[in-house]
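Chemist: Kindly return the folded structure for what I paste below:
(one chain, ligands or ions: 1)
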Amino acid sequence: MARKKFVAGNWKMNTTLAEAKALATALAQGVGTSTAADVAVCPPYPWLVPVHEALKGSSVGLGAQDVSHEPKGAFTGEVSTAMIKEAGCKYVVLGHSERRHILGESDVEVHLKLHTAVEAGLYVILCMGETLVEREKGLAERVFQRQVYSAVAGITDEQWSRIIIAYEPVWAIGTGKTATPDQAQNAHYFIRTKIRSLHGEKIANALPILYGGSVTADTAAGLFSQPDVDGGLVGGASLKADQFLAIVKAAGN
Ligand code: PEP
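Modeler: Okay, the predicted model is just below:
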């Protein structure tokens, strides 16, 4: 059975409240109730509730950009799974390279957050990707083992159905240097083959693997046409309704 395409917009630390509402309203209108591809946006925490409101009546889902692995309590600045769920989130992005490389998030933290999130019933968009140096040294397998396998260790077969992997080569994020469709396909094929050998055919075949890294309306169709590329995690181009809607269209919506 063919996997459904999925396009998620990562707004990062961008937008005013007015901009967030206007963008969400335009996306809700543009996507409507189409379910040909799954679509979601991940605004900053304070805009989750108003964006959820603006998306009502459309099939565009809501995600957070991170979440705490603690359920509640004295953790100043943290936000829990219960809070983002109550704000309307179905998805959460975890292990984004900006959190790993700029904010020093460790594999252990990503592992704890992933377990907390899937146990809470959230769908996790687990990001992984190599730096340019790692790529040049041929360390793709090691990066996979460090970032994906460490994160999903102990996940049950049932919980795998709530995991989406986003392959995001660090050298392509926010740089304008999109991976070629062949580069993306090779990496996705490697990830799926690895998951197949570790967790079996059923989980590997059902697993959505998104590509992220400077996806634009011009590059989306070529990337999404690859057999193991199941959609995209989009940063910069998700902040412009027309561009994001063109990417969603390339995914079949
Ligand atoms: C991202 O933030 O996940 C991302 C892929 O960003 P961009 O599309 O801007 O490279």
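
Chemist: ok, which stretches of the chain are helices?
Modeler: 17-31, 48-55, 81-86, 97-101, 107-119, 132-136, 140-144, 150-152, 157-160, 181-199, 201-206, 220-224, 241-250 (DSSP state H).

Chemist: Rebuild the ones you listed as a markdown table, extending it with distance to the ligand.
Modeler: Quick note: C-beta positions are derived from backbone N, CA and C, even for glycine. Output for the helices of the chain, formatted as a markdown table (distance: least, CB to the nearest ligand atom, whole Å):
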| stretch | distance to the ligand |
| --- | --- |
| helix 17-31 | 15 |
| helix 48-55 | 17 |
| helix 81-86 | 18 |
| helix 97-101 | 7 |
| helix 107-119 | 15 |
| helix 132-136 | 14 |
| helix 140-144 | 16 |
| helix 150-152 | 16 |
| helix 157-160 | 22 |
| helix 181-199 | 12 |
| helix 201-206 | 23 |
| helix 220-224 | 11 |
| helix 241-250 | 10 |
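
Chemist: how about the closest residue to the ligand within the stretch 1-150 of the chain, what does it touch?
Modeler: When you check the stretch 1-150 of the chain against the ligand by CB to the nearest ligand atom, the closest residue turns out to be residue 10, at 4.3 Å. If a contact means CB atoms under 8 Å, 6 or more residues apart in numbering, then residue 10 has 42, 65, 93, 96, 212, 233-235, 238 as its contacts.

Chemist: ok, residue 152 touching residue 118?
Modeler: No - taking CB atoms under 8 Å as the definition, residue 152 is not a contact partner of residue 118, at 9.2 Å.

Chemist: contacting residues around whatever residue of the stretch 101-250 of the chain ends up closest to the ligand?
Modeler: With CB to the nearest ligand atom, the shortest gap between the stretch 101-250 of the chain and the ligand falls at residue 235, namely 2.1 Å. If you count contacts by CB under 8 Å, 6+ apart, residue 235 has them with 9-10, 12, 173-174, 212, 214.

Chemist: Return a ChimeraX selection command for the buried portion of the residues you listed.
Modeler: A single ChimeraX command is used to select the members of these judged buried by 16 or more other CB atoms under 10 Å:
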select :9,10,12,173,212,214
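
Chemist: Now do the same contact list for residue 59.
Modeler: Shown here is residue 59, whose contacts under the criterion CB under 8 Å, 6+ apart are 31-35, 38-39.

Chemist: okay but residue 154 is in contact with residue 115, surely?
Modeler: Yes - here residue 154 lies in contact with residue 115, judged by CB under 8 Å, at a distance of 6.9 Å.

Chemist: out of the two, which sits in the more crowded spot?
Modeler: Neighbour totals were compared for residue 154 and residue 115, and residue 115 leads with 18 against 9 (other CB atoms under 10 Å).

Chemist: residue ranges with poor pLDDT in the stretch 101-250 of the chain?
Modeler: For the stretch 101-250 of the chain, applying pLDDT under 70 flags no range at all.

Chemist: In contact with residue 226, which residues?
Modeler: Shown in contact with residue 226 (CB under 8 Å, 6+ apart): 181-182, 184-185, 188.

Chemist: just the buried members of those residues?
Modeler: Of those, these count as buried by 16+ other CB under 10 Å: 181, 184-185, 188.

Chemist: Show the model's pLDDT score for the residue of the chain positioned farthest from its centre.
Modeler: Taking CA atoms, centre = their mean, the residue of the chain most remote from its mean C-alpha position is residue 74, at 28.4 Å. Residue 74 is assigned a predicted lDDT (pLDDT) of 98.

Chemist: Understood, closing this out.
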